[in-house]
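Undergrad: return atomic coordinates for the entry below.
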Amino acid sequence: MQAKGANGELLRKSIQDILENIPENQEFSLLTTSDIFWDTNSKAIQSDLQKLKYSSYAFQPHYLISKVEAKKPNTTKDYIIISDGIGFTEKELEKFNTETTFLSLSKAENKSNIAVTKVDISAVTDNFYEITIGLQQFGNNENEIPLTITENENTIAKTQIKFSKESESVKINIPKKAISGKISIEDGSLPYDNNFYFSIEEPKKLNVLIIGNETKNDFLQRIFKGDEFETTETTFAQLNFNKIENQQTIILNELDEIPQSLQNTLSVFYKNGGNLVLIPYEKMNLSNVNSALKNWSSIYFSSLNNQEKLITKINFNHPLYKNVFEKKISNFQYPKVNSNFAIQGNSFSVLQYEDGSNFLASTTNSLGNLYLFSAPINKENSNFQNSPLIVPTIYNMGINKGNSNQSTFTISENESVVLDAVLSKDEVLSVSNANYSFIPLQQILNDKVKLSFGDYPEQDGNYSVTQKNNTIAKLSFNYPRTESNLTVQDEANFSTFTKINSVQEAMDIWQQKRTETNLWKWFLATTLLLLIIELLIQKFVK
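TA: All right, here's what the predicted structure looks like:
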């Protein structure tokens, strides 16, 4: 409703329509996606309506009608729906009595629009982050679009975008430091999706713990030897359990079994957002390992298969391979395994054998990730260590979303984040910026806190998480892009409703119906009176 119609912004024009055409003495109730005014009149809510702000909540008529029915059950009701009709389905409207429902469908004059949809860190150098900015075009736009990156209103970078297809992306280098930035475009259409806020935290090392045989762990240590990681390698006998809760990723590499004490500790670790990687051992205690897996997921191993298999399929859409491949490849040199366990249960495929079964599968509890190889990847059983896939696959297991230094979220998608914080009794974390503040739902996880955002905040922007007035994290929130496409207005969904161009039309129709009802009552009363007179005349005139 931010779009401009023939008479200005659609929302403002609709508010003006209500205030000008509903009589001051007419009582009504008005519901929006974020506000409700029961049993009021246009004079009483004039100021509130004129101050009404745009909302990120989707317009859900079936939800609003349930509010009305709960408030006013068993009463006859007439409805006027005022909307742009974007994103509606017929199912959302089926609860309305179409005989008494009027629809004022607001239409944008310019249906072309461009939205900034995402930003990712695509490469990291000693001094710079390379970020990839995604944009989506709706309708046709032949002009170059200016794009600017700012931090605290200071310009960091500028460029121009020319669309040759529906989606475009641009790569830009920004300083490698903590930043709360904003990406902005100027497209002359909807303003709400022209800004994209993002936060990048100060680079910090990620803790990786490898539990297994020192000789077999060698290839893992080589992958995690970079400056991004603090890597610890140990056997189970030498394991210091106190270090587990401080890790981001733990790799169980060809263990004979997973003792109950380790199972319990890893369950808490995974629940609190940690990454678990399990590489099986040919002679492992299968029932023991499956018992451990049962604590973490529905995945489990079936018996060992001693048949050679080729690894031929890559799930390019899996988050593990985000920004790894410039294009899909099918002619790479296939790695193989000599023996493998079958992975059973619900999971996401990452790498598959030629028969479609999983070589590498994953699952998640929304905070942490569990990765499960179906075969040992030592050099005796597989040549996967020599494959180009080995480095991005293993490396990215240590850099999942929960451990990422990029903290960007979408409003109303009920996302969550785990932060390092120790809270005292009754202490809470708050999230705020200069214009808005809220206290999210929070769960204490030992020395961490899980924040769940639900439908909050109501406004997009860069925010600070504070504990006792100290900033402990920076987060960014953006509106969902679900209403960026103005070309999907489907009038067929409203075919049974009475179409009106203004509220005045509905008021006139209702007035006419009331007048007709009143006239009908007078005609009935007159007819009865004449009938009585005729009976009296017949009786007394004789």
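
Undergrad: check contacts around A375.
TA: P280, V337, S339, N340, F341, F359, N381, S382 (C-beta atoms under 8 Å, 6 or more residues apart in numbering). (Glycine included, C-beta is placed from N, CA and C.)

Undergrad: quick check: bridge partners of the fifth one?
TA: When bridges are called by DSSP bridges, F341 pairs up with L304.

Undergrad: pLDDT on whichever helix in the chain runs longest, on average?
TA: Longest helix in the chain, counting residues (DSSP state H): helix 503-541. When pLDDT is averaged over helix 503-541, the result is 75.

Undergrad: wait, isn't D39 in contact with E27?
TA: Yes - using C-beta atoms under 8 Å, D39 is in contact with E27, at 5.9 Å.

Undergrad: assign a three-state SS to the nearest residue to D447 once chain neighbours are set aside, would you?
TA: Closest residue to D447 apart from its sequence neighbours, by C-beta to C-beta, 6 or more residues apart in numbering: V422 at 5.2 Å. Here V422 is recorded as coil under DSSP: H, G, I helix; E, B strand; the rest coil.

Undergrad: where does the protein have its least confident helix or strand?
TA: Of all helical and strand segments in the chain, the minimum by mean pLDDT, DSSP states H and E falls on helix 90-93, at a mean of 64.

Undergrad: partners of the helix or strand containing W38, with directions?
TA: Per DSSP states H and E: W38 is located in strand 36-40. Paired neighbours of strand 36-40 in the sheet (DSSP bridges): strand 28-31 (antiparallel).

Undergrad: pull the distance from the strand it pairs with to the chain's centre.
TA: 30 Å (C-alpha atoms, centre = their mean, to the nearest Å).

Undergrad: and that strand, which residues are buried?
TA: In terms of neighbour count (16 or more other C-beta atoms under 10 Å), strand 28-31 has its buried residues at L30, L31.

Undergrad: can you check stretch 124-136 too?
TA: Buried residues in stretch 124-136, counted by 16+ other C-beta under 10 Å: Y129, E130, I131, I133, L135, Q136.

Undergrad: repeat that for stretch 454-468.
TA: Buried-residue list, stretch 454-468, by 16+ other C-beta under 10 Å: Y456, P457, E458, Q459, D460, G461, N462, Y463, S464, V465, Q467.

Undergrad: correct me, but the third one touches S34?
TA: Yes - between E458 and S34 there is a contact at 7.4 Å, judged by C-beta under 8 Å.

Undergrad: now list whatever residues contact both of these two.
TA: Both E458 and S34 are contacted by S55, under the criterion C-beta under 8 Å, 6+ apart.

Undergrad: that older thread, pipe the contacts of A375 into JSON lines and attach secondary structure per row.
TA: As requested, those are exported to JSON lines (three-state DSSP):
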{"residue": "P280", "secondary structure": "coil"}
{"residue": "V337", "secondary structure": "strand"}
{"residue": "S339", "secondary structure": "coil"}
{"residue": "N340", "secondary structure": "strand"}
{"residue": "F341", "secondary structure": "strand"}
{"residue": "F359", "secondary structure": "strand"}
{"residue": "N381", "secondary structure": "coil"}
{"residue": "S382", "secondary structure": "strand"}
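
Undergrad: and of those, the nearest to S104?
TA: Distance to S104 across the contacts of A375 (C-beta to C-beta) is lowest for F359, with 56.9 Å.

Undergrad: remind me which helix or strand the residue positioned nearest the centre of the chain belongs to.
TA: The chain has E413 as the residue nearest its centroid, 4.0 Å off, counting by C-alpha atoms, centre = their mean. Using DSSP H and E, E413 maps to neither a helix nor a strand.
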